[in-house]
Each structure stands twice: as C-alpha cells, then as structure tokens.
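Q: no sequence on hand, only this structure:
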C-alpha cells in the first residue's frame, strides 16, 4: 500500500485534555507532490523520519528542509509541504492551549511558526530516537503518553473546570461579543484577552473571528450545506464577510476551497507543477486517516 495512516485518540485525563490525537502517516509514493495545510486551530509536535521534505509559507523559493522534530503552533496562514520522496511523520496534535501547560511558554511565541524542537524541549532528541526504534504504532503511542506525563507531573494539571479550556471548547463563542464572553466567564475584557494570548495564541476578538472561520471550514465538509447556510450558522454578517474572513486565513474564497478540498478538512493535496489534486487514502479496516 502506498499510503498508510494511523490515529490514536486518548480518552483518559489529563492526556485527553491536552492531546486531540496521536497520528502517523507513511507514504512511499515517488511522485513530487505538495500538501497545503490550512489553519486548523491546533498545535503539533511532529517527528520527521522522512528523506526530503521542505516547508514554506507563500514562496517556494524560501522553502527550508524540515528538522527531525519540530513544533508548529496555531496557524493564521497556510503552509505548504514540498514532498520529494517518501513521507514518514509521527505527530502529536494538541489542543492549542497545551503548549502553555507543557512548556510554560506563551502560545503566541509559537504562532505561525515551524520551530526546531531542540530549541524548546531538551527531551525531544531522545524521544525521536525512541519513537524511531519502536516496533509498532501502539508502542509509539505508549512512549508519547509516558513522555507527556513526565512533562506535566510537576506543573499545574489542567482539568475540565479550567476557565481557558471551557472557553476554548465553548460552542457559543461564535455567537457572543467580547463583553458577553467576559461576563460569561466572570473576568474583565483585558484579563480575558491576556489569557487568550497566553494560552490560545490570540486576543479575544481575534479568537471569535478565528472560531467562526474554523466552524465554516468544517461545515463545508458536511453533506449538502450551502454557503448561505454556513454564512448565517457561523454568525457572519453576510456572504461577503464570510468570503473575506475565509480568504484572510486561507488565501482562498470558500468557492475556490470547495473545488480543491479533499476528504481531510484543511488539507489540499496536489501533484507538483500540475493541476491534479491528490486525494488522501480512503478508510480501510485497521487504517485510519491522520489529523
């Protein structure tokens, strides 16, 4: 099989409060290809066991080879992977606030960046070696969970009553103003904005707009929604406001995205130098799509 993917979603605390999923992708296709990743409101540590993969934002001439382990914070613009040979990634996809809990560094420091992990966490080189030597995906998951417990054992352990976690998962956020959110969470607007910057990587006003965009992105992958329905369900003023916001984060209009999107929300696969769109693998027994 050319492309194999696996997913693990933790269901025990505190891992499930910090980690959305642990994923692995192995792709041995020999064609040159590009993967565009749109902003998805998550943060990741990715372990790179590939041969030759580069990353860039808007200009491929500025592409750089990905390090062995890197941290990608919350994104506000797309980034691209230029894949020239096999791809073997193992990733930890976090809820964005997890970076602050794990590394005690404001989440804004990671925003829109692909950072060499060795500059942030001294244990990542050893973790990369352990993961590369593991015999199975299940063993890799166990190694990551053990590492995470060690990282948070001496710090504040998040729980479901944490204010920032409740805010992050609040489905009503796209329908509320900043003053209304401040009143709901019983903090001043200034303090709420400081919390959002530290843990979510953006101020409260930007968070509301970002959540509207994310809601629209995922709704576009649901069966039969019209752009008009999405506009009002996500609390945009009108379709022009929806289109401007979507293009702000993706560089595409909603209609352009619908023409190129595949099965995975926020991912566009393309053969380099051509207009052909590559589709991600279909679900098969014991094979799960990654993030």
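A: Done, it's in. Computed from a predicted model, the values in this text were never measured in an experiment.

Q: that's a strand at residue 270, yeah?
A: Yes: under DSSP: H, G, I helix; E, B strand; the rest coil, residue 270 sits within a strand.

Q: that one pairs with what?
A: Listed beta-bridge partners, residue 270: residue 34, residue 277 (assigned using DSSP bridges).

Q: quick check: it vs residue 36, distance?
A: Distance of residue 270 to residue 36, computed by C-beta to C-beta, to the nearest Å: 7 Å. Any C-beta I mention is one placed from the backbone N, CA and C, and that applies to glycine too.

Q: equivalent analysis for residue 177, please.
A: Where residue 36 is concerned, residue 177 sits at a distance of 33 Å (C-beta to C-beta).

Q: which of those two has more neighbours?
A: Between residue 177 and residue 36, counted using other C-beta atoms under 10 Å, residue 36 has the larger neighbour count: 17 against 12.

Q: so that one touches residue 80, yeah?
A: Yes: Residue 36 lies in contact with residue 80 (C-beta atoms under 8 Å); the separation is 5.1 Å.

Q: can you map out the strands along the chain?
A: Taking DSSP state E as the criterion, the chain carries its strands at 3-8, 19-27, 33-37, 42-48, 53-56, 64-65, 69-72, 79-83, 87-95, 114-116, 267-271, 277-278.

Q: of all those, which one comes closest to residue 209?
A: Among these, the nearest to residue 209 by C-beta to C-beta is strand 42-48 (17.1 Å).

Q: give me the sheet partners of the closest one and which way each runs.
A: Partner strands and pairing direction for strand 42-48 (DSSP bridges) are strand 69-72 (antiparallel), strand 87-95 (antiparallel).

Q: turn those strands into JSON lines, columns for mean neighbour count.
A: JSON lines is the format used below for those (neighbours: other C-beta atoms under 10 Å):
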{"stretch": "strand 69-72", "mean neighbour count": "22"}
{"stretch": "strand 87-95", "mean neighbour count": "22"}
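
Q: out of those, nearest to residue 124?
A: Minimum separation from residue 124 across the strands paired with strand 42-48 (C-beta to C-beta) falls at strand 69-72, 4.7 Å.

Q: other residues contacting that closest one?
A: With contact meaning C-beta atoms under 8 Å, 6 or more residues apart in numbering, strand 69-72 is reached by 43-48, 79, 99, 110, 113-118, 120-121, 124-125, 127-128.

Q: put the buried members of the residues you listed into a PyMOL selection.
A: If you want just the buried ones from those in PyMOL, going by 16 or more other C-beta atoms under 10 Å, the selection is:
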select buried, resi 43+44+45+46+47+48+79+99+110+114+115+117+120+121+124+127+128
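
Q: before we move on, the earlier item: and the strands of the chain: which comes nearest residue 168?
A: Residue 168 lies closest to strand 87-95 among those, at 6.5 Å (C-beta to C-beta).

Q: how about the strands paired with strand 42-48 in JSON lines, adding mean pLDDT?
A: Formatted as JSON lines, those follow (pLDDT from 0 to 100):
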{"stretch": "strand 69-72", "mean pLDDT": "97"}
{"stretch": "strand 87-95", "mean pLDDT": "96"}
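
Q: could you export those strands to TSV, including columns for distance to residue 226?
A: Shown next, in TSV, are the strands paired with strand 42-48 (distance: least, C-beta to C-beta, whole Å):
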stretch	distance to residue 226
strand 69-72	33
strand 87-95	30
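
Q: so which of the ones you listed is nearest residue 17?
A: Among the strands paired with strand 42-48, strand 87-95 comes nearest to residue 17, with 7.3 Å by C-beta to C-beta.

Q: spatially central residue for the protein, please.
A: Geometric centre of the chain, nearest residue: residue 42, 3.3 Å, by C-alpha atoms, centre = their mean.

Q: residue 70 pairs with what?
A: Beta-bridge partners for residue 70, by DSSP bridges, are residue 46, residue 116.

Q: distance check, it against residue 128.
A: Applying C-beta to C-beta, the value for residue 70 to residue 128 is 11 Å.

Q: cool, and residue 158?
A: Relative to residue 128, residue 158 is positioned 26 Å away (C-beta to C-beta).
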